[in-house]
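Engineer: Structure, please.
(one chain, ligands or ions: 1)
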Amino acid sequence: MSSTTSIHGMWSSRLAFILAATGSAVGLGNVWRFPYTAGEYGGGAFVLVYLLCVAGIGIPIMMAEIMLGRRGRQSPINTMKSLAREEGSSPAWQLLGWMGIVAGFLILSFYSVIAGWTLAYVFRAGSGLFAGADAAVAQAMFEGLVSDPERLLAWHTIFMVMTTLVVARGVASGLESAVRWLMPALFLLLVVMVFYAAEAGDFGSGFAYMFSPDFGKLGSRFGEALLSAMGQAFFSLSLGMGAIMIYGSYLNSRASIAQNVIIIAGMDTLVALLAGLAIFPIVLANGLEPGSGPGLIFQTLPIAFGQMPGGALFGAVFFILLVFAAWTSAISLLEPITAWLVENRGFSRPRAAALGGSLVWLLGIACLLSLNVWSDVKVFGKGFLDLFDYLTANVLLPLGGVLIAIFAGWIMRRASSADELGFTERSFVYRLWLLLVRFVAPACVIIVFLNAIGLI
Ligand code: PFF
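Structural biologist: Numbers count the residues shown, from 1 in each chain. Sure thing, here's the model as predicted:
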């Protein structure tokens, strides 16, 4: 049945798909979330588990997600429904699409708040505010921002409007040229930052912090660390909620999925590692606490920008590029619900995007208030922002990912999956992929889940 095009448009080339999917994957997850989460779990052991998860779970699931998207050619909900029908399985598989929509809403609601911090920091950097800042000044500046709900709301609103506008126009136009230039620029700037960190920071300690695993340091937090590293892999690769699936639905039928996935996951991982190498040497040289939480890069980078020559300009450009990286990720979070509203409710694209964007915006207000006015409101011991982050990265995305793996590996006939991936059933790569999605990925996720809740 698989049709060769999507009603929502198609990528103009294979490169356009790679750029868009990399745009989705590379974002705040790499530069903001990876360093602070690694810092919370002592560095090396976390990084090692993270890399293993990317290779053994993330890559095969990303292949599965793109494959399902391309075969279904619709929003994730309808894709799962029609693929389940095609394979003679239950229509309940569409719930996987719904779970992804919920995860997308929750992620984007806090993602937009953090992207708002990044926007604020463009102006702070550019106005020379960081000049000569030490750790205490940088910390006070950060706290000034997060304790001010009105400022947070303004930035969150601006970011959600930016995101909604692009999705309203259709992701295939616009996104391509943005990612083509900005992604390499961000990459280059990160490399420069790493060099700076090597010069001005304590590079040896930063490097050792990231790459010499010490599982002993984790103690009783071992299970939690495993879950967080796995969750970080899903979050960073944009897996488990349909974002990559819908991008796959706009990919032409001839492109090699496996090759594309290696490139996308490779670039995503490289950016995260570079961000870590830029930040930890500065953290350690300035006596900052690597485990200080979500404010880590916002309290670390200003010290570096405040000391380096031309730091105001460089800092502003850095945060602008980070805003773009966040923007291209946010777009992919809003796309699945928008496509579904167009398909099932007959909405025009702009109306669909506006409705989705408005709901996310509202939910985002709860997140930004949890940083200040509502700081006492706790659900499961967490404020809304932390709760949404934890629930999505550590629960919903891995769960969605496992269900995708199970569908691709067990429900889909081999003839269908091999055909869509462009392999013969007997080829080595296909059999390796099948082994990973059938057994390795589901087993690892389930073991990590059970371990984290203390059952094993
Ligand atoms: N991968 C993005 C990042 O690392 O910033 C965040 C993200 C985008 C997560 C899309 C999930 C998703 F579906």
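Engineer: Ala198: what's its closest spatial neighbour, skipping adjacent residues?
Structural biologist: Among residues not flanking Ala198 along the chain, Pro281 sits closest, at 6.8 Å (Cβ to Cβ, 6 or more residues apart in numbering). Placement of C-beta: from N, CA and C, glycine included.
Engineer: Look up how far the ligand lies from the one you found.
Structural biologist: Look at Pro281 and the ligand: by Cβ to the nearest ligand atom, to the nearest Å, they are 22 Å apart.
Engineer: After the helix or strand Ser24 falls within, heading C-terminal, what element do we hit next?
Structural biologist: Ser24 belongs to helix 14-25 when assigned by DSSP states H and E. Sequence-wise, the next helix or strand downstream of helix 14-25 (DSSP H and E) is helix 28.
Engineer: Please say whether there is contact between that following helix and the ligand.
Structural biologist: Yes - using Cβ under 6 Å from any ligand atom, we find that helix 28 touches the ligand at Leu28.
Engineer: So that it lines up with my notes, have the first residue be 24 from now on.
Structural biologist: Okay, residue one is now 24; in that scheme the one you just asked about reads as helix 51.
Engineer: ok, residues contacting that helix?
Structural biologist: By Cβ atoms under 8 Å, 6 or more residues apart in numbering, the surrounding residues in contact with helix 51 are Tyr134, Ile137, Ala138, Thr141, Leu345, Ala348, Ala349, Ser352.
Engineer: related to what we said a few turns ago, what helices and strands are in contact with the helix holding Ser47?
Structural biologist: Other helices and strands packing on helix 37-48, by 3 or more Cβ pairs under 8 Å, 6 or more residues apart in numbering; DSSP states H and E, are helix 195-223, helix 266-272, helix 280-308, helix 334-368.
Engineer: could those go into JSON lines alongside mean pLDDT and mean neighbour count?
Structural biologist: Formatted as JSON lines, those follow (pLDDT from 0 to 100; neighbours: other Cβ atoms under 10 Å):
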{"stretch": "helix 195-223", "mean pLDDT": "86", "mean neighbour count": "17"}
{"stretch": "helix 266-272", "mean pLDDT": "97", "mean neighbour count": "30"}
{"stretch": "helix 280-308", "mean pLDDT": "97", "mean neighbour count": "22"}
{"stretch": "helix 334-368", "mean pLDDT": "95", "mean neighbour count": "23"}
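Engineer: Could you give me the buried positions within the host helix or strand of Leu457?
Structural biologist: Using DSSP H and E, Leu457 sits within helix 451-458. Across helix 451-458, burial judged by 16 or more other Cβ atoms under 10 Å covers Tyr453, Trp456, Leu457.
Engineer: Next: stretch 428-440.
Structural biologist: For stretch 428-440, by 16+ other Cβ under 10 Å, it's Ala428, Ile429, Phe430, Ala431, Gly432, Ile434, Met435, Ser439, Ser440.
Engineer: Quickly name whichever of those residues is closest to the ligand.
Structural biologist: Nearest to the ligand, judged by Cβ to the nearest ligand atom, of the buried residues of stretch 428-440 is Ala428 at 16.1 Å.
Engineer: which residues are in contact with the one helix or strand that closest one maps to?
Structural biologist: In the assignment (DSSP H and E), Ala428 maps to helix 420-429. For helix 420-429, the external contacting residues (Cβ under 8 Å, 6+ apart) are 80, 83-84, 87-88, 91, 119, 122-123, 126, 253-254, 257-258, 262-265, 268, 459-461, 464-465, 468-469, 471-472.
Engineer: Against which helices or strands is the helix or strand that it is followed by packed?
Structural biologist: Using DSSP H and E, the next helix or strand after helix 420-429 towards the C-terminus is helix 437-444. Where contact means 3+ Cβ pairs under 8 Å, 6+ apart, helix 437-444 is packed against helix 82-95, helix 280-308, helix 451-458.
Engineer: and the first one, anywhere near the ligand?
Structural biologist: Translated: helix 82-95. No - residues of helix 82-95 contacting the ligand under Cβ under 6 Å from any ligand atom: none, with a closest distance of 9.8 Å.
Engineer: now that helix against helix 334-368, angle please.
Structural biologist: With axes from the mean of the first three to the mean of the last three Cα atoms, to 10 degrees defining the directions, helix 82-95 sits at 40 degrees from helix 334-368.
Engineer: which residues of this protein score low on pLDDT?
Structural biologist: The chain contains residues with pLDDT under 70 at 24-25, 197.
Engineer: Can you name the residues of it that neighbour the ligand?
Structural biologist: 47-48, 50-53, 130, 258-259, 261, 264, 266, 352, 355-356.
Engineer: Widest-spaced pair of those?
Structural biologist: The most widely separated members of the residues of the chain next to the ligand, counting by Cβ to Cβ, are Asn53 and Met264 (17.3 Å).
Engineer: The two: which is more packed in?
Structural biologist: Using other Cβ atoms under 10 Å as the criterion, Asn53 and Met264 rank with Met264 on top: 32 against 28.
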